[in-house]
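Novice: Fold the following.
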Amino acid sequence: MKKIKYGTVIKHILLVTGAIIMLVPFVWMILTSFKTISEATQMNPFVIFPSEWRIDAFENVIRKMDFFKLYLNTFLMIAGRILCAVLTATMAGYAFARLKFRGKNFCFALVLFQMMVPTQIFIIPQYLMVSKIGMLNTLFSLLFPGLVTAFGTFLLKQNYMSLPKELEEAARLDGCNIGQTFLYVMMPLTKASMVALGIFTALFAYKDLMWPLIANTEQSTMTLAPALSKLQGQFSSNYPELMAASLIACLPMIILYLLFQKQFVEGIATSGGKL
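Specialist: Sure, this is the predicted structure:
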């Protein structure tokens, strides 16, 4: 018989315990969405499951909220932010990692500074910029904060730095210029990190609440997060309906992660140097 490694057992116990703790809010959301208001707000901690599984909350929120329009606005915002973030980050990351130009270290320090500063600081300048060009309450105003990403630039820079220099040298010996070397040799080797950046960008854009509330006040351009916030009352809330709407809203992110979890893990855990 193999000897039991108590350290491994303890690690697994801690990981399982942590996973259960993280799943408790999600399970509570699912169970509450099938309860009545009185069951959801009662103080008895031992009443976990609903006495009768009801779908009234789902029917009500589907009737009150135009989920098709909300999903469409949200997906357009996510697609635009992913496209802009991946495109700008992969080019900037390659430039900072592989090219030599005056002021490179200073420019990259500015990128790192942006990562360290809370994003709320940029809200007023971003709002003024969007307002000056007359793009409030439009799809562009939703995309504007995600046109560039400091985190994505840092992630791709580190990925390009991990690639061997011999790849570039071989490409240049074959007659490739800088653009061809980047497009046909270096960029395809960072696909895992690009997919991971796309997932991160989608997640951050999907749960973005403050900026859409500020830049979009019209129902036609509203996304899911602001729409969910309007279900929260000032003095009381219908928790079954709020949880039902939240469950419907988070399903696309769960499906996205299940589809791309392999690329997500690879983009974070590997250096991107596999051939």
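Novice: Contact partners for residue 208?
Specialist: If a contact means C-beta atoms under 8 Å, 6 or more residues apart in numbering, then residue 208 has 145, 223, 225 as its contacts. (Glycine included, C-beta is placed from N, CA and C.)
Novice: burial measure for the closest residue to residue 147 other than its chain neighbours, as a count.
Specialist: Residue nearest to residue 147 in three dimensions, not counting chain neighbours: residue 84, with 4.8 Å by C-beta to C-beta, 6 or more residues apart in numbering. Using other C-beta atoms under 10 Å, residue 84 has 18 other residues around it.
Novice: again with residue 44
Specialist: For residue 44, using other C-beta under 10 Å, the count is 7.
Novice: How is it assigned, secondary-structure-wise?
Specialist: Secondary structure state of residue 44, per DSSP: H, G, I helix; E, B strand; the rest coil, is coil.
Novice: how far away is it from residue 102?
Specialist: Distance of residue 44 to residue 102, given as C-beta to C-beta, to the nearest Å: 68 Å.
Novice: ditto for residue 109
Specialist: Applying C-beta to C-beta, the value for residue 109 to residue 102 is 14 Å.
Novice: Equivalent analysis for residue 16, please.
Specialist: In terms of C-beta to C-beta, residue 16 sits 53 Å off from residue 102.
Novice: got it, and residue 37?
Specialist: Separation of residue 37 from residue 102 (C-beta to C-beta): 65 Å.
Novice: Counting neighbours around each, name which of these two comes out higher.
Specialist: Each of residue 37 and residue 102 has its neighbours counted (other C-beta under 10 Å); residue 37 has more, 15 against 7.
Novice: can you tell me which residues contact that one?
Specialist: For residue 37, the contact set (C-beta under 8 Å, 6+ apart) comprises 238-240.
Novice: For the residues you listed, pick the one with the most neighbours.
Specialist: Neighbour counts for these (other C-beta under 10 Å) peak at residue 240, which has 27 neighbours.
Novice: give me phi/psi at that residue?
Specialist: The phi/psi pair for residue 240 (degrees, to the nearest 10) reads phi -60, psi -40.
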